[in-house]
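> Got a predicted model here, sequence first, then my questions.
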Amino acid sequence: MTRKRAIILLAISTAALAVFLTAIDPSTEADGNPTIVDFEFAWDEEGAAEIRADWGEEGRDAARLSLWVDFAYLLSYGVLLVLASAATRDLAIRRGWRRMVAVGAAAVPAGGAGAAFDAIEDVWLLIVLGGSGGDLGPALAAICATLKFALTGFAILYILAGLVLRVTRRTPAGAPA
């Protein structure tokens, strides 16, 4: 399978899983319910307990399902971001975009690292969802969520910058496209 085909399939998979995760978010159980992202940033047991209480049994079941499905999602988007960042870096190498090549050294692993922090976050959230973990569990989950969003956001911005450059800059004469 080519990298391009893998990127396309992973983009489809990631989008489908994102739609499914949105549909099963605990906030859909009742108006005003906290979202799973609210739970990611509870920061302490008091905040987590309040969210668990707001969700009720059905919302907690939806959150548990969401967290388990998120393992497939993070695998899909993590590999997608690594492959798309690598493709962007390789394009930058071919086109002589030195700064993009340099930034690519950090951007390529960033998506995978973000997905790894997402996995650690999910483990802590499952523990906290079960009523364990004290103040440490929600704090570690929130720290991992912060790192996840920062790293994946960086990879996404790198990929988008590469797409903008690809569209706006002409290929130098004699260089492969």
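It's in.

> Tell me where the model's unsure across this structure.
By pLDDT under 70, the low-scoring segments of the chain are 171-177.

> Try it again at 50.
Low-confidence regions of the chain, defined here as pLDDT under 50, do not occur.

> Can you find which helix in it contains the most residues?
Determined from DSSP state H, the single longest helix within the chain is helix 45-95.

> Going toward the C-terminus from that one, what's the next helix or strand?
helix 98-129 (DSSP states H and E).

> same for that following helix, what does it pack against?
Contact here means 3 or more CB pairs under 8 Å, 6 or more residues apart in numbering; DSSP states H and E; on that basis helix 98-129 packs against helix 36-40, helix 45-95, helix 136-168. For glycine as for every other residue, the C-beta is placed from the backbone atoms N, C-alpha and C.

> show me the contacts for the residue lying closest to residue 38 once chain neighbours are set aside.
Closest residue in space to residue 38, ignoring its immediate chain neighbours: residue 51 at 6.1 Å, by CB to CB, 6 or more residues apart in numbering. The contact partners of residue 51, by CB atoms under 8 Å, 6 or more residues apart in numbering, come to 34, 38-39, 42.

> rerun that using 6 Å as the cut-off
Residue 51 makes contacts with 34, 39, 42, as judged by CB atoms under 6 Å, 6 or more residues apart in numbering.

> Kindly report the same for residue 130.
Applying CB under 6 Å, 6+ apart, no residues contact residue 130.

> And residue 48, by the same measure?
Residue 48 makes contact with 42, 128, 138 under the criterion CB under 6 Å, 6+ apart.

> measure the closest residue to it other than its chain neighbours to residue 80 for me?
Spatial nearest neighbour of residue 48, excluding adjacent residues (CB to CB, 6+ apart): residue 42 at 4.1 Å. Residue 42 sits 28 Å away from residue 80, going by CB to CB, to the nearest Å.

> Over to residue 148?
15 Å.

> Can you tell me which of the contacts of residue 51 is nearest residue 107?
Nearest to residue 107 among those: residue 39, at 28.7 Å, using CB to CB.
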